[in-house]
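Visitor: output the structure for:
(2 chains)
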Amino acid sequence: SQQGEEDPQALSIQEGENATMNCSYKTSINNLQWYRQNSGRGLVHLILIRSNEREKHSGRLRVTLDTSKKSSSLLITASRAADTASYFCATGTGTYKYIFGTGTRLKVLA
Amino acid sequence: NAGVTQTPKFQVLKTGQSMTLQCAQDMNHEYMSWYRQDPGMGLRLIHYSVGAGITDQGEVPNGYNVSRSTTEDFPLRLLSAAPSQTSVYFCASRGTSSSYNEQFFGPGTRLTVL
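Guide: Predicted structure coming up:
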C-alpha cells in the first residue's frame, strides 16, 4: 500500500519559474523526506523534515509539513533545466522503514 | 568512497531461473535495504537489514531471499524468477537504523524476466 501520494503526477515549467509539488500521506509519521531521481539513476536525498517542524529550507528548496492535514509540499525556486527529474516523498513511520510515494515528474524547459 | 554499488546493471532472465543481485557499500552503514521500482508505483521495500546477521521483510518480500553475513554486502536472491519480478531494483544504505537519517541509493539493476 502506498503511504505517500504526490501531486501533480507531472509538471512542466519554464526555467526561472517556481515548481511546487505536494505529498499526502495516510498515517502518523515521525519524519518526511524528499528525494530526487534523475532518469535511469538512483535516488538522491534532498531534505528531511521532522514531524514537530513546520518548515525547512535548503538552498533553493523549501519544504513545509502540515501534520493535521497529513501533507507536505516541496517548493523549488528559480528552477533550472538541471532540476528536471522525478521527485519522491518518503515517510518514516517507525525506526526502520520508509514508505515512498509515487513521484512527481518535473520538466524544466530552457 | 564508492558509496553504494550494485551489479549487474542489466539482466535478462527466463521464467524459473534464479539469480543474485549484488549490493555493497563502503560507508560502514548499519542499515541496508532493497526496493523495487515499477512504473506508477514508487519504490516498495522488499527486505531490509539492521546489521550483519539480522534481516527482516518489507512490503513485498515474496519470491526474494536475503542474507547479511558482512556489514558491507547485502545480496538479493530471486529464487525462481517470474515475469511479475520485471522491475528496477535499488539497494540503499544508511548510517543507523533510525529513519531520521537519509538513505544512500545505488544506481539500480534493471531486470527483465521473459
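Visitor: give me the neighbour count for residue 85.
Guide: You didn't pick a chain, so chain A it is. Using other Cβ atoms under 10 Å in any protein chain shown, A:Ala85 has 20 neighbouring residues. Glycine gets a C-beta too; all of them are placed from N, C-alpha and C.
Visitor: hmm, no, I was thinking of chain B.
Guide: B:Gln85 has 19 neighbouring residues, counting by other Cβ under 10 Å.
Visitor: kindly report the same for B:Pro8.
Guide: Burial of B:Pro8 is recorded as 11 neighbouring residues (other Cβ under 10 Å).
Visitor: next: B:Ser80.
Guide: The number of residues packed near B:Ser80 is 11, by other Cβ under 10 Å.
Visitor: likewise for B:Thr20?
Guide: Using other Cβ under 10 Å: B:Thr20 sits among 12 other residues.
Visitor: residue boundaries of the strands in the chain?
Guide: Chain wasn't specified; assuming chain A. Assigned strands in chain A, in chain order: A:5-7, A:10-14, A:19-24, A:31-37, A:43-50, A:55-58, A:61-66, A:71-76, A:85-92, A:98-100, A:104-109 (criterion: DSSP state E).
Visitor: sorry, I should have been clearer: chain B.
Guide: With DSSP E applied, chain B shows strands at B:4-7, B:10-13, B:19-25, B:31-38, B:42-51, B:54-57, B:64-66, B:76-78, B:87-94, B:104-105, B:109-113, listed in chain order.
Visitor: hmm, B:Gly63 is touching B:Leu79, no?
Guide: Yes. Here B:Gly63 lies in contact with B:Leu79, judged by Cβ atoms under 8 Å, at a distance of 6.3 Å.
Visitor: which stretch among the strands of chain A comes nearest B:Thr96?
Guide: The stretch from those with the least distance to B:Thr96 (Cβ to Cβ) is strand A:85-92; that distance is 12.6 Å.
Visitor: show me the contact partners of that closest one.
Guide: By Cβ atoms under 8 Å, 6 or more residues apart in numbering or on different chains, the list of residues contacting strand A:85-92 from outside reads A:3-4, A:6, A:21, A:23, A:25, A:27, A:29-39, A:43, A:46, A:72, A:74, A:98-106, B:42-43, B:99-100.
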